[in-house]
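*Asks:* just need the structure, nothing else, for what follows:
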Amino acid sequence: MAPPPVRDEDREHEHRHPLLTSLRSPRVVAARRLAKRNQRGKERRFLAEGPQAVREAVAFGRLPDGEHAVVEVYVTPEAAGRHAGIVAAAREAGLPVLSATEEVVADICDTVTPQGIVALCRFIDTPFEQVLAARPRLVAVLAHVRDPGNAGTVLRTADAAGADAVVLTDASVDPYNPKAVRASVGSLFHLPVATGVPVEEAVARLRAAGVRVLAADGAGQRDLDQELDEGTLQGPCAWVFGNEAWGLPEETRALADEVVKVPIHGHAESLNLATAAAVCLYASARAQRSRGGCRVEGRAR
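*Replies:* The predicted structure is shown next:
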């Protein structure tokens with residue numbers, strides 16, 4: 001396939017913004033520092049790597065303060081040709097698109113084999129008060145989740161199941177960790193994500209808002225089949241998911257309205273966090289849609 005023709009505006013942009021080649025460039029050094037959580041928190045900025053993440057970051061648009069979620073985009077000349085639509089959308093949004101060598105992009109990115117495009121973004125998390133004010137019907141709460149890949153995968157699953165929000169407690173991983181952002185495959189930009197909420201506060205305020213809180217844990221006296229058979233999942237529901245290795249501590253389980261286990265009908269010892277979250281969230285999503293059928297367009301309930 002022949003490469004797309006070079007537009008006049010692209011030639012002008014390349015003239016005004018020459019290829020970024022130095023690993024010591026202040027821009028590159030500043031972006032590289034965002035690999036550390038404390039630096040991300042200090043600057044309230046993070047990196048979104050790869051075409052899908054950059055596409056969704058650009059499409060996210062502006063934050064409540066009027067600033068765009070994306071600060072700037074770095075792209076190699078080769079990736080700019082492969083992802084011309086993303087580059088065009090970024091420029092149309094008035095975002096700086098900086099051409100950089102593969103070495104520079106690789107230095108910025110966390111992956112071993114970067115895909116040639118990365119966006120520097122502002123934090124986009126939603127205040128917990130705003131999540132509650134929207135009267136959510138399905139929420140995923142990550143309590144004590146430390147693995148960024150699992151956190152990002154649960155976020156992606158919650159998005160796919162049509163959840164209204166994801167809440168990460170103060171004991172959980174940073175959702176802006178590069179591995180978490182990659183594992184979310186763009187879903188970080190699709191639904192409200194509240195961070196840093198103590199689990200006790202999250203549960204108490206969700207319950208006060210009329211949301212039934214279920215702790216997903218193998219120690220539960222009830223299982224998901226019972227919940228489905230008895231029709232108890234049709235109302236607003238928040239699922240609390242725990243640590244990958246040791247689940248939810250007893251004090252966290254005690255906060256919930258019910259502790260529910262995913263039934264194991266075969267011989268598997270257990271399910272991993274992301275799989276269990278998918279089963280629970282989709283069970284609630286199906287139950288909440290049951291009166292009007294399960295094939296509901298969009299995110300409406």
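
*Asks:* would you list every one of the helices in the stretch 101-250 of the chain?
*Replies:* With DSSP state H, counting those that start in this stretch, the ranges of helices along the stretch 101-250 of the chain come out as 102-108, 128-133, 148-161, 178-184, 199-208, 224-229, 250-253.

*Asks:* now residue 79, what's its secondary structure?
*Replies:* helix (DSSP: H, G, I helix; E, B strand; the rest coil).

*Asks:* for residue 236, see how far away it is.
*Replies:* Counting by Cβ to Cβ, to the nearest Å, the separation of residue 79 from residue 236 is 43 Å. Glycine gets a C-beta too; all of them are placed from N, C-alpha and C.

*Asks:* settle it for me: which of these two has more neighbours?
*Replies:* Shown here are residue 79 and residue 236; by other Cβ atoms under 10 Å, residue 79 has more neighbours (24 against 19).

*Asks:* confirm for me that that one is in contact with residue 117.
*Replies:* Yes: using Cβ atoms under 8 Å, residue 79 is in contact with residue 117, at 4.7 Å.

*Asks:* what touches both of these two?
*Replies:* Residues touching both residue 79 and residue 117 (Cβ atoms under 8 Å, 6 or more residues apart in numbering): 51, 105.

*Asks:* all the strands of the stretch 201-301 of the chain, residue numbers only.
*Replies:* Counting by DSSP state E, counting those that start in this stretch, the stretch 201-301 of the chain has strands at residues 212-216, 222-223, 237-241, 258-261.

*Asks:* got the CA coordinates for the first one in CSV?
*Replies:* Going back to what we said before, that points to strand 212-216. C-alpha atoms of strand 212-216 as CSV (Å, rounded to 0.1, in the frame of the first residue of the first chain):
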residue,chain,number,x,y,z
ARG,A,212,-26.0,-2.4,47.3
VAL,A,213,-22.4,-3.3,48.1
LEU,A,214,-21.2,-6.8,47.3
ALA,A,215,-17.7,-8.1,48.3
ALA,A,216,-16.4,-10.6,45.7
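
*Asks:* in that strand, what's buried?
*Replies:* Using 16 or more other Cβ atoms under 10 Å as the test for burial, strand 212-216 gives 212-216.

*Asks:* taking those residues together, which two end up most distant?
*Replies:* Using Cβ to Cβ, those span at most 13.0 Å, a distance reached by 212 and 216.

*Asks:* dump the buried residues of strand 212-216 to TSV, plus pLDDT and distance to residue 256.
*Replies:* Output for the buried residues of strand 212-216, formatted as TSV (pLDDT from 0 to 100; distance: Cβ to Cβ, whole Å):
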residue	pLDDT	distance to residue 256
212	97	9
213	98	5
214	97	6
215	96	4
216	95	9
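
*Asks:* so which of those is the closest to residue 284?
*Replies:* residue 214 (8.4 Å).

*Asks:* the closest one touches residue 258, doesn't it?
*Replies:* Yes: assessed by Cβ under 8 Å, residue 214 is found in contact with residue 258 at 5.3 Å.

*Asks:* now residue 287: closest residue in space that isn't a chain neighbour?
*Replies:* With sequence-adjacent residues excluded and distances taken as Cβ to Cβ, 6 or more residues apart in numbering, residue 287 is closest to residue 233, at 3.6 Å.

*Asks:* what sits against the one you found?
*Replies:* 227, 283-284, 287-288.

*Asks:* list phi and psi for it.
*Replies:* Residue 233 adopts backbone torsions of phi -100, psi 0, taken as degrees, to the nearest 10.

*Asks:* roughly how far apart are it and residue 255?
*Replies:* Distance from residue 233 to residue 255, counting by Cβ to Cβ: 19 Å.

*Asks:* what do you get for residue 169?
*Replies:* 11 Å.

*Asks:* over to residue 236?
*Replies:* 17 Å.

*Asks:* again, but for residue 264
*Replies:* The value you get for residue 264 to residue 255, if Cβ to Cβ is used, is 25 Å.
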